[in-house]
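Chemist: the sequence and its predicted three-dimensional model are supplied below.
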Amino acid sequence: MAAAANPTSLESGPRIMRLVAECSRSRARAGELRLQHGPVATPVFMPVGTQATMKGITAEQLDALGCRICLGNTYHLGQRPGPELIQKAHGLHGFMNWPHNLLTDSGGFQMVSLVSLSEVTEEGVRFRSPYDGDETLLSPERSVEIQNALGSDIIMQLDDVVSSTVTGPRVEEAMHRSIRWLDRCIAAHRRPDKQNLFAIIQGGLDANLRATCLEEMTKRDVPGFAIGGLSGGESKGQFWKMVALSTSKLPKDKPRYLMGVGYVEEMGDCTTYGKQIPGDPGQGGMGYATDLVVCVALGCDMFDCVFPTRTARFGSALVPTGNLQLKKKQYEKDFRPIDPACACPTCQKHSRAFLHALLHSDNTASLHHLTVHNIAYQLRLMSAVRTSIVEKRFPDFVQDFMGTMYGDPALCPAWATEALASVGITLH
C-alpha cells in the first residue's frame, strides 16, 4: 500500500467547485468551477485539442459557441512543439490564442494508445516517439513539469493506465502505482496556486481494487478527481457500475471528471447505437449523448471525448434523435438545416443538401461546418442538462431526452435503463 503523501504538500488544496443545485432523486449536480481563466458551469463537455487546436474549428469559433474549457495532451505537446517553445509564447493559452480555461491530460493514456511504443516501470513510462523514433522517459515529475510549463488551469497526475479489458495482477499493480505516482506528482507540482492537480482513480473493473484506490486517493487533498481506466472496450453494464461506485465514494465538494467517456463503442461508423428512425434511414440513434446524460445522473461533472469532432469527419451530424449520415442520398435535395432548433452558424446558414454536396466533392469545408455543429450540439446538451438540474426537473428532462432519442422506452439500451433506475429514475 502506498504511504500517505506528506500533509505539508496538501494543506492548501483549493476548493474550486461551487455546488449550485443537486437533484433530489438522482446524483446529478449543477455547479461552477472557479478557475484562473474564468468560471465554468458544470456539468460540462470539454472538446479535445490534442496538439493545441481542435480539428476542424478555430479557437475563435469555439469561443463564440460558448466553450469555456478545452483539452490539450501533455505527451503530444511535450513531443512537439515542446514545452520550451510553448512557454516562450506565454504558455498554451498564448500559443493557441485561447482566453479561457485549459485542461491537460498527463500523457498516461498513451500507455494504452501507444502500447507498442511504450514500457512502464516504477520510474515512469519510456516511449519511443511516433514522430522521430527517439526514446523519452515520461515520469510523474516530468509530466507535471511539462504541464507547469504549459500553464493549463487543470493538470492531471500521471497514472499507470491499462486497458479496461485487462485482468489479473497487472490491474492491481497499476492501481497501487497510480497512488504512488500521485504522491510524486503532488511533490513535483510547482504552481498549485494557479494550476489545479487532479488525481485519477484506477482499478479497472474490479470493484475492490477501485474502492481501495478511492479510499487512498481521497486522503490526498487535491482539488479534483477523475475516474479513469474506463471506456476501453468493457461492456456498458460494467462501465456504469464502476462509474457509480466511484461517484458514491468521491467527495461531494470536489469536481468529478469522467475521462474519455464513449470513446470506443461510438468510434466506428457512428451508427452502432440505437435504432433507425422510420422514414429516415440515414438517421441512426447515437449512444454518446446517452452516455453523458446517464453519467450526469450518476454524479459526474466533467466529460471529454474526441467523438463529436471525429464523427464530423465521417460526415455525421449530431441531432436529438441520434445522428444524420449526410453523405446518404436522401439528403441530396433536403433544404432543411441539420437541426431547425440549433442556433449554430452551420444550421443558420447551410442546408443538408449543401453539406451533402460538399461531402461528395471531398471539400474539407464540409468537415469544418459539421464540426462546428457537433460541438455546438454537445455544449447545448450540457447547458440543457444543467438548467434542468437548477430548475429541479432533471428526472423529467431525462424522460424527454430518452423518449426523443429512442422513441419507446423498450428501445432504450438496457444498461442505461438499469443505471438510471439505480439512482431513482425509472423510464416510462
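Modeler: The structure has been received and is ready for your questions.

Chemist: list the buried residues for the host helix or strand of L379?
Modeler: Element membership for L379 (DSSP states H and E) is helix 365-390. Within helix 365-390, the residues scored as buried using 16 or more other Cβ atoms under 10 Å are 366-382, 385-386, 388-389. C-beta: built from backbone N, CA, C; applies to glycine.

Chemist: which element follows it toward the C-terminus?
Modeler: Following helix 365-390 in sequence, per DSSP H and E, is helix 394-406.

Chemist: now do the very next helix or strand once past that next one, average pLDDT.
Modeler: Using DSSP H and E, the helix or strand that follows helix 394-406 in sequence is helix 414-422. Averaged across helix 414-422, pLDDT comes to 97.

Chemist: coming back round to it: show me how far the helix holding L379 is from its chain's centre.
Modeler: Distance of helix 365-390 from its chain centroid, counting by Cα atoms, centre = their mean, to the nearest Å, is 14 Å.

Chemist: quick one, strands of the stretch 251-400 of the chain?
Modeler: Per DSSP state E, counting those that start in this stretch, the stretch 251-400 of the chain carries strands over the ranges 256-258, 276-277, 280-284, 302-304, 316-319, 322-325.

Chemist: by mean pLDDT, show me the worst of those.
Modeler: When the strands of the stretch 251-400 of the chain are ranked by mean pLDDT, strand 276-277 comes last with a mean of 31.

Chemist: mind listing what L158 touches?
Modeler: Contact analysis of L158 by Cβ atoms under 8 Å, 6 or more residues apart in numbering lists S106, G107, G108, G124, V125, L138, S139, P140, S143, V144, W181, C185.

Chemist: for it, helix, strand, or coil?
Modeler: Counting by DSSP: H, G, I helix; E, B strand; the rest coil, the backbone at L158 sits in coil.

Chemist: i'd like the first residue to be 33 from this point on
Modeler: Let's use 33 as the start, then, which means that last one is L190.

Chemist: now do the nearest residue to H405 once chain neighbours are set aside against A408, distance only.
Modeler: Nearest non-adjacent residue to H405, counting by Cβ to Cβ, 6 or more residues apart in numbering: T378, 4.2 Å away. Distance, T378 to A408, by Cβ to Cβ, to the nearest Å: 8 Å.

Chemist: ditto for N355
Modeler: To A408, N355 is 14 Å away according to Cβ to Cβ.

Chemist: low-confidence ranges, the stretch 183-332 of the chain, go.
Modeler: Residue ranges of the stretch 183-332 of the chain with pLDDT under 70: 294-318.

Chemist: what about the helices in it?
Modeler: Ranges of helices in the stretch 183-332 of the chain, per DSSP state H, counting those that start in this stretch, are 201-220, 239-249, 268-281, 319-329.

Chemist: is it true that V198 touches G236?
Modeler: Yes. Applying Cβ atoms under 8 Å as the test, V198 and G236 come out as touching, 6.6 Å apart.

Chemist: compare the two and say which is more crowded by neighbours.
Modeler: G236 (27 against 16; other Cβ atoms under 10 Å).

Chemist: show me the contacts for that one.
Modeler: Applying Cβ under 8 Å, 6+ apart to G236 gives the contacts V194, S196, V198, T199, V203, A206, M207, R242, G261.

Chemist: what's around the nearest residue to the first one once chain neighbours are set aside, how many residues?
Modeler: Pointing back at V194 there. Sequence neighbours aside, A206 is the residue nearest to V194 in space, at 4.9 Å (criterion: Cβ to Cβ, 6+ apart). A206 has 24 neighbouring residues, counting by other Cβ under 10 Å.

Chemist: ok, the one 5 residues further on next?
Modeler: Here the neighbour count serves as a burial measure; for I211 (other Cβ under 10 Å) it reads 26.

Chemist: what pairs with N133 across the strands?
Modeler: I101 (DSSP bridges).

Chemist: what's the pLDDT at it?
Modeler: The predicted structure scores N133 at 97 on the pLDDT scale.

Chemist: how many other residues sit next to it?
Modeler: Close neighbours of N133, defined as other Cβ under 10 Å, add up to 23.

Chemist: and it, how far is that from G123?
Modeler: In terms of Cβ to Cβ, N133 sits 12 Å off from G123.

Chemist: need the overlap of contacts for these two.
Modeler: Here N133 and G123 have no joint contacts, going by Cβ under 8 Å, 6+ apart.
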